[in-house]
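J.: Okay, here's the prediction I keep looking at, along with the sequence it came from:
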Amino acid sequence: MIDLLKKSRIFEGLEESVLKKIAGFSKLETHKSEVTLITEDSDDNYDLFILVKGRVKIFVSSKFFGDDAETKKEVYTVAQGENFGEMSSVVKKRRSASAVTVSESEVIRIDGKKFSSFISKDRDSGFEILKRICESLYDRIENSNFMLRNFLI
């Protein structure tokens, strides 16, 4: 598990002792295609995921925009080594999108409650991890802004 965590953008370069703690509340899961890992607007768990193998797409639903006929719009495709579900794992708020496997996939599921507790207690490691989460969110927001500009212009 530690070797898999090392390949993740948010845990890359962290000390092995820190990765060992995180591995203690993480598990490797294999899912078939079309499995929903995160459901939009849900607050039943705050787990963080890292894609090890396969493809996962992130969707938002039109039902939250008052659309009578619900449609799902893809907003992002997760690449191997990338994380998803991180916002809820940190702020403990409802999920802002759904995550669905597109092919057979392996993910690391990190217990959100234990992860949140860890980054609160180990402030040095927690700061580094949160900084990397912010960097990945920045990249996604920058990409979204680019797409939105193209849509509006």
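T.: Good, I have the coordinates. Residues are numbered from 1 along each chain as shown.

J.: And the longest helix belonging to the chain, what's buried?
T.: In the chain, assigned by DSSP state H, the helix with the most residues is helix 123-152. Along helix 123-152, these residues count as buried under the neighbour rule (16 or more other CB atoms under 10 Å): Ser125, Gly126, Glu128, Ile129, Arg132, Ile133, Ser136. For every residue, glycine as well, the C-beta is placed using N, CA and C.

J.: Return the member of those residues nearest to Gly81.
T.: Nearest to Gly81 among these, counting by CB to CB, is Ser136 at 10.5 Å.

J.: State the mean pLDDT of stretch 133-152.
T.: Mean pLDDT, stretch 133-152: 79.

J.: then it to PDB, C-alphas only?
T.: Extracted C-alpha coordinates of stretch 133-152, given in PDB (Å, rounded to 0.1, in the frame of the first residue of the first chain):
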ATOM      1  CA  ILE A 133      -4.700  19.000  -2.500                       C
ATOM      2  CA  CYS A 134      -5.000  22.800  -3.100                       C
ATOM      3  CA  GLU A 135      -2.600  22.500  -6.000                       C
ATOM      4  CA  SER A 136      -4.700  19.700  -7.600                       C
ATOM      5  CA  LEU A 137      -7.900  21.700  -7.000                       C
ATOM      6  CA  TYR A 138      -6.200  24.800  -8.600                       C
ATOM      7  CA  ASP A 139      -5.400  22.800 -11.700                       C
ATOM      8  CA  ARG A 140      -9.000  21.600 -12.000                       C
ATOM      9  CA  ILE A 141     -10.400  25.100 -11.400                       C
ATOM     10  CA  GLU A 142      -8.000  26.500 -14.000                       C
ATOM     11  CA  ASN A 143      -9.200  23.900 -16.500                       C
ATOM     12  CA  SER A 144     -12.900  24.600 -15.700                       C
ATOM     13  CA  ASN A 145     -12.300  28.300 -16.100                       C
ATOM     14  CA  PHE A 146     -10.700  27.600 -19.500                       C
ATOM     15  CA  MET A 147     -13.700  25.500 -20.600                       C
ATOM     16  CA  LEU A 148     -16.200  28.100 -19.300                       C
ATOM     17  CA  ARG A 149     -14.400  30.900 -21.200                       C
ATOM     18  CA  ASN A 150     -14.700  28.800 -24.400                       C
ATOM     19  CA  PHE A 151     -18.400  28.200 -23.700                       C
ATOM     20  CA  LEU A 152     -19.200  31.900 -23.000                       C
END
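
J.: now, among the buried residues of helix 123-152, which is nearest to Leu152?
T.: Using CB to CB, the buried residues of helix 123-152 come closest to Leu152 at Ser136, 24.7 Å.
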